[in-house]
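> what would the 3D arrangement of this be:
(chains A and B)
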Number of protein chains: 2
Amino acid sequence: MVRSAVDESETKELDLAILSSSRRWSDNLPSSYKVGLPPRQRLVSEFLDKLKETLFTDDPLRPYKNQKRSRQFIIGLQSLFPILKWGSEYNFIKLKGDVIAGLTIASLCIPQDIGYAKLANLDPQYGLYSSFVSPMVYAVLGSSRDIAIGPVAVVSLLLGTLLQNEFDYTKNRAEYYSLAFTATFFAGVTEAALGCLRLGFLIDFLSHAAIIGFMGGAAITIGLQQLKGFLGIKNFTKKTDIISVMKSVWGSVHHGWNWQTILIGIAFLIFLLLAKYIGKKKRSLFWVPAIAPLISIILSTFFVYITHANKHGVQIVNHIKKGINPSSAHQIYFSGSNLVKGVKIGVVSGMIALTEAVAIGRTFAAMKDYQLDGNKEMVALGTMNIIGSLTSCYISTGSFSRSAVNYMAGCQTAASNIVMSIAVGLTLAVLTPLFKYTPNAILSSIIINAVIGLIDYNAAILIWKVDKMDFIACMGAFLGVVFVSVEIGLLIAVSISFIKILLQVTRPRIVLLGNLSRTSIYRNIQQYPEATTVPGFVIVRVDCAIYFSNSNYVKERILRWLTDEEDKVRDNGQPQIKFLIVEMSPVTDIDTTGIHALEELHKSLKKKDIELILANPGPGVMEKLQSSKFTELIGHNKIFLTVGEAITNCSKEVGEEA
Amino acid sequence: MVRSAVDESETKELDLAILSSSRRWSDNLPSSYKVGLPPRQRLVSEFLDKLKETLFTDDPLRPYKNQKRSRQFIIGLQSLFPILKWGSEYNFIKLKGDVIAGLTIASLCIPQDIGYAKLANLDPQYGLYSSFVSPMVYAVLGSSRDIAIGPVAVVSLLLGTLLQNEFDYTKNRAEYYSLAFTATFFAGVTEAALGCLRLGFLIDFLSHAAIIGFMGGAAITIGLQQLKGFLGIKNFTKKTDIISVMKSVWGSVHHGWNWQTILIGIAFLIFLLLAKYIGKKKRSLFWVPAIAPLISIILSTFFVYITHANKHGVQIVNHIKKGINPSSAHQIYFSGSNLVKGVKIGVVSGMIALTEAVAIGRTFAAMKDYQLDGNKEMVALGTMNIIGSLTSCYISTGSFSRSAVNYMAGCQTAASNIVMSIAVGLTLAVLTPLFKYTPNAILSSIIINAVIGLIDYNAAILIWKVDKMDFIACMGAFLGVVFVSVEIGLLIAVSISFIKILLQVTRPRIVLLGNLSRTSIYRNIQQYPEATTVPGFVIVRVDCAIYFSNSNYVKERILRWLTDEEDKVRDNGQPQIKFLIVEMSPVTDIDTTGIHALEELHKSLKKKDIELILANPGPGVMEKLQSSKFTELIGHNKIFLTVGEAITNCSKEVGEEA
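Here you go, the predicted structure:
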């Protein structure tokens, strides 16, 4: 029915009319095409189609197409355990790259691990544990070639803050550790579940700008926390906001600061920053900043050992438990109120960890141009954290700084993670006593040096230039973290992101179109000041799906455009408005509320003696307009393929009447 | 810079090329227009613009334009107290209409009020209280002419359920009542706050389909609850789900049912339904169903009084406290944990009450064609409930059934509410003792009769026909209410609505465009099977703003279209794909994450030696693409006004190279 939007006979008439008017621009020629209607679908197939488009956008079964059974089985196994795929193509050249990269990241991660464990208020060996088991598991299951696994600064800080809210790590040590493993377990479950259910897109709900702000704020907070070790302060606040920390720092200025500690800290911080600068200046010297932390640890430990600086108030690590990961399965809470707390903390930290890992994975996959299945990646990271939680690891994920070093050191496959893991394992088994005299100040310097990179002021400046709203989100998250706490900053980031999404769907753009003279092109008058309105017509374009959340707004905004134009027309003594054309091209979908709004619009227009014309409704919209009988209400011949055609036809109609 | 998307010289060349090829369709003629760029805005003005568009879409200051100071003051006062506006134009004819309508709705509301109060587990007089003070306040502040104010069935049920979750109304009577008034107070505060902050659009987040389902489910639940009074059962479950209620009903079938009660109930239910049928058949007899409830009350009360049926197990109302509303200000909780409970219940019930009132207001405003300011309406309803909570009213709102009667009885202004209020006040002051022998069964019949109208199966059938996804939302809410509880049903309704919104923004439609031959029109290939792809080109259209929530999806989906087309081209031995055109007309906005995704897309395409072309980006998008230097990255001459122009230019380019 609708396909004959313009009657056959009418079309012929028009063709004649156009042939006779030779000066008319042929752009306005009505094509013989009618607004199409897709074949109707049944509930089940429609539902499955939508489900597929929503959850399986990446078409995961594509490689299995047109393959033999046995081959399909192998592909399936390889997709479960990517190690089988890259393992079968492994060779000596790749091994060489992976060993060098693995050792480089090991030298970087060992000092970081010890420091990050302290951020989570855990004993230093737990950082090393997390860099032993987790990378091993990831190497078997993960599909990224460049990611380097281990604890990261922001997640450690977040976990530490959230755990400390529940139990004090000094007074309730056992509960604190149990809750840490419970949270790690459920972080893993969350990650794996998101991957299995193919809900990986949920992490896209945190906007880039909010993440930049959050990370920057977290970096500052982490840096401030390091003042404790850096200045050798003994009584330090457990809060993380800048005001409490500053009070703590200035309060202890007279008797709490230790000049020897400060000296060591500053000296090595300068050394580390210098190394970083060298690495940035010359890309081939990337290994200088990578091994600088280990060198500073060795040098400073040796220095403290020979000078007995620890007897002059320089705090030292003192003791790192020797031996690889003990089991922690019995410590996890599987019932009671602590279970609920663990689940909450786990879900939040797991999502943040996931966000970081997926961002890293995508970045490097794009650099080396290989496909990365986000959902599979999540299952790998989740399984890794579940196994980790049973073996005394806390939440691990992909670390940006270490992954970058891994990439630059020439890693070829996930085997570099195995090399790193073995190095960390050996350290745990043999070398931990050597860290006894390592000064805490050096760990603080290493962490400060590591988190400086998280403050991405260039990105913030770019955001300011490009999108002011995004900048507000960015600063909101940043200030929330710095001045209140990590959770509040995160909450602000999530809330702003959601508000933005909601505004997007409640307040779609409705613009007035004008004609670019001598063409049949109709464009936004605001963007093209040379575009002119067509006398007797108001042309508006709705730039989003019309759903319950915006249908009322759409109706009212269109009516306001009409009123504004009517006022203008009256003031200028132009001909009265007879037609309202709604350009529907961008309207992807409409629901029952939306159709109801269109019906109300039609009713309001009828009272003003104005005709409602639709131009180019899409397939889904057309189908729904028809099944709700809206097309019958306004008349099938009121729906056109283009705005140009609508105007040609309507002008003719008016001409005939006159 | 961008405005010269096609170089001046190039344009001239093209013009010549076109002039020379006389057979070429002039549709493909490149216009001399360039993609426009709106003037740049500063942060503050951009922010204010967006804020205005978001919150003040209705342009509330419009009437004040070009008016004298004194006139502006009067308009302002009238907008605060609409009674001043319609009061100044009041006359005897209007008064006549309002008195008749007011008395009609009073006769309908008095029996309903008594029944609805029982749904909220409150004594019957509280229903009457709520129909005395609230309508009076609304008449002064409200701007709808047709709405009839008072307690409504669904909100009463919801409030009763939520309150009962906190306190048992039999055991903790005092707390129950205090919490009811606290909830009413905060329902009012919520409503007024939404109006003042101009956040009225928040109620649009409940989809129409979900509301239909929720209302239908609530109607069934309310009907089931009436079985207690209808069958005269003494021990009745306090749960509301159908299974518990049915167990209760069948469990008491042998000793709990009272045949006299059932007889009275059924007889009057038939009478009421008959009256409704008559009213529907003949519009002029609308007053028959309107006064039927009062007649049944009078008849049944008289009948019980003379037959002493109450001594044979027929339960009667027994006692309604005489006198108008006492103060309840001292009963409201303003501190402690009960405050929190009250706020929660108030916010939820207030929003639902608001949804109903605004829907009614909009419906009748559209029927009589007057403007209704939603936000002002909310302030009026909120103030009404705040004052109500201080005077022993519970949450009142606009009732659909009573408003319809009001409308049909010929109400002219909100004065009909005042008439109704006076009638209810007189009843409270004088007539309540007459209700002593009113059987509970008759109240049940009246409520069943009233809520039947809420089951809008026609709407449900239409939803099924038009939109299967909407139907799932509708049934989800319906089944949730019927089989679990009102809150769960509401939660399902809200969740489904939100999921729909989120899916809309995470999974925008990305379609493949093809050319309608002999035109320069490019349309969705799925909708127009006659549209053909252009050899060497892949043309896709993105149908939504590109934001962080969908940018990754947009990129991957475009790349998938490309891979699919490449496969097809390879199989058919067609020329290789050289250009990817992204039609950006529907892309209303882009953020930093979205630009990042485009950059990645550009990088991926470069590796495949395919050029990225943009067609018709909107003003906001163009500005951001330029400030992020993306236009420089892909080249200014890769941005065209239309897809047709892009193809003409690119084909020419390829031709020159060959």
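
> quick one, strands of chain A?
Listed in chain order, the strands of chain A (DSSP state E) span A:149-150, A:397-398, A:510-515, A:522-524, A:537-542, A:579-583, A:611-615, A:639-640.

> measure the closest residue to residue A:215 other than its chain neighbours to chain B for me?
Leaving aside its sequence neighbours, residue A:215 sits nearest to residue A:454 (CB to CB, 6 or more residues apart in numbering or on different chains; 4.8 Å). No exception for glycine: its C-beta is placed from N, CA and C like everyone else's. Per CB to the nearest CB, to the nearest Å, residue A:454 is found 17 Å from chain B.

> ok, now residue A:433?
Using CB to the nearest CB, residue A:433 is found at 47 Å from chain B.

> that residue and residue A:174: what is the separation?
25 Å (CB to CB, to the nearest Å).

> pull out the buried positions in stretch A:535-549.
A:536-549 (16 or more other CB atoms under 10 Å in any protein chain shown).

> can you redo these as JSON lines with distance to residue B:218 and pLDDT?
Output for the buried residues of stretch A:535-549, formatted as JSON lines (distance: CB to CB, whole Å; pLDDT from 0 to 100):
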{"residue": "A:536", "distance to residue B:218": "48", "pLDDT": "88"}
{"residue": "A:537", "distance to residue B:218": "46", "pLDDT": "91"}
{"residue": "A:538", "distance to residue B:218": "42", "pLDDT": "92"}
{"residue": "A:539", "distance to residue B:218": "43", "pLDDT": "93"}
{"residue": "A:540", "distance to residue B:218": "38", "pLDDT": "93"}
{"residue": "A:541", "distance to residue B:218": "39", "pLDDT": "90"}
{"residue": "A:542", "distance to residue B:218": "33", "pLDDT": "89"}
{"residue": "A:543", "distance to residue B:218": "36", "pLDDT": "81"}
{"residue": "A:544", "distance to residue B:218": "31", "pLDDT": "80"}
{"residue": "A:545", "distance to residue B:218": "29", "pLDDT": "83"}
{"residue": "A:546", "distance to residue B:218": "27", "pLDDT": "87"}
{"residue": "A:547", "distance to residue B:218": "23", "pLDDT": "84"}
{"residue": "A:548", "distance to residue B:218": "19", "pLDDT": "82"}
{"residue": "A:549", "distance to residue B:218": "22", "pLDDT": "82"}
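
> nearest to residue B:126, of these?
Distance to residue B:126, by CB to CB, is smallest for residue A:548 among the buried residues of stretch A:535-549, at 33.7 Å.

> ok, residue A:250 to residue A:231 distance?
Distance, residue A:250 to residue A:231, using CB to CB: 11 Å.

> how far away is the most centrally placed residue in chain A from residue B:548?
Nearest residue to the geometric centre of chain A (CA atoms, centre = their mean): residue A:204, 4.0 Å. Residue A:204 is 6 Å from residue B:548, where distance means CB to CB.

> tell me which residues in stretch A:318-330 are buried?
A:320, A:324, A:325, A:328.

> kindly apply the preceding question to stretch A:231-246 instead.
A:231, A:232, A:233, A:236, A:237, A:240, A:241, A:242, A:245.

> in helices, which of those appear?
Among those, the residues falling in helices (DSSP state H) are A:231, A:242, A:245.

> tell me which of these is nearest to chain B?
residue A:242 (25.0 Å; CB to the nearest CB).

> what about the stretch 51-200 of chain A, any weak spots by pLDDT?
Within the stretch 51-200 of chain A, the stretches with pLDDT under 70 are A:57-60.

> tell me which residue in it sits closest to chain B.
For the stretch 51-200 of chain A, CB to the nearest CB, closest residue to chain B: residue A:54, 5.3 Å.

> that residue is in contact with residue B:503, isn't it?
Yes. Contact criterion CB atoms under 8 Å: residue A:54 and residue B:503 qualify, at 6.2 Å.

> near chain B, which residues of the stretch 201-350 of chain A are found?
Contacts of the stretch 201-350 of chain A with chain B, taken as CB under 8 Å from any CB of the partner chain, map to A:201, A:204, A:205, A:206, A:207, A:208, A:209.

> can you redo those residues as JSON lines with pLDDT?
What follows is those, written out as JSON lines (pLDDT from 0 to 100):
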{"residue": "A:201", "pLDDT": "76"}
{"residue": "A:204", "pLDDT": "75"}
{"residue": "A:205", "pLDDT": "74"}
{"residue": "A:206", "pLDDT": "76"}
{"residue": "A:207", "pLDDT": "79"}
{"residue": "A:208", "pLDDT": "80"}
{"residue": "A:209", "pLDDT": "85"}
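
> and the longest helix seen in chain A, which residues are buried?
Longest helix in chain A, counting residues (DSSP H): helix A:337-368. For helix A:337-368, burial by neighbour count (16+ other CB under 10 Å) applies to A:338, A:341-343, A:345-366.

> with stretch A:475-492 instead?
Neighbour-count burial for stretch A:475-492 [16+ other CB under 10 Å]: A:475-482, A:484-487, A:489-490, A:492.

> that one near chain B anywhere?
No. Residues of stretch A:475-492 contacting chain B under CB under 8 Å from any CB: none, with a closest distance of 11.5 Å.

> residues contacting that stretch, please?
With contacts defined as CB atoms under 8 Å, 6 or more residues apart in numbering or on different chains, stretch A:475-492 is touched by A:157-158, A:161-162, A:165, A:210-211, A:213-214, A:216-218, A:220-221, A:239-243, A:348, A:352, A:493, A:496.

> next one: stretch A:274-283
Stretch A:274-283 has contacts (CB under 8 Å, 6+ apart) with A:285, A:286, A:287, A:288, A:289, A:290, A:292, A:408, A:449.

> so, low pLDDT: which residues of chain A?
Within chain A, the stretches with pLDDT under 70 are A:1-43, A:46, A:57-60, A:655-658.
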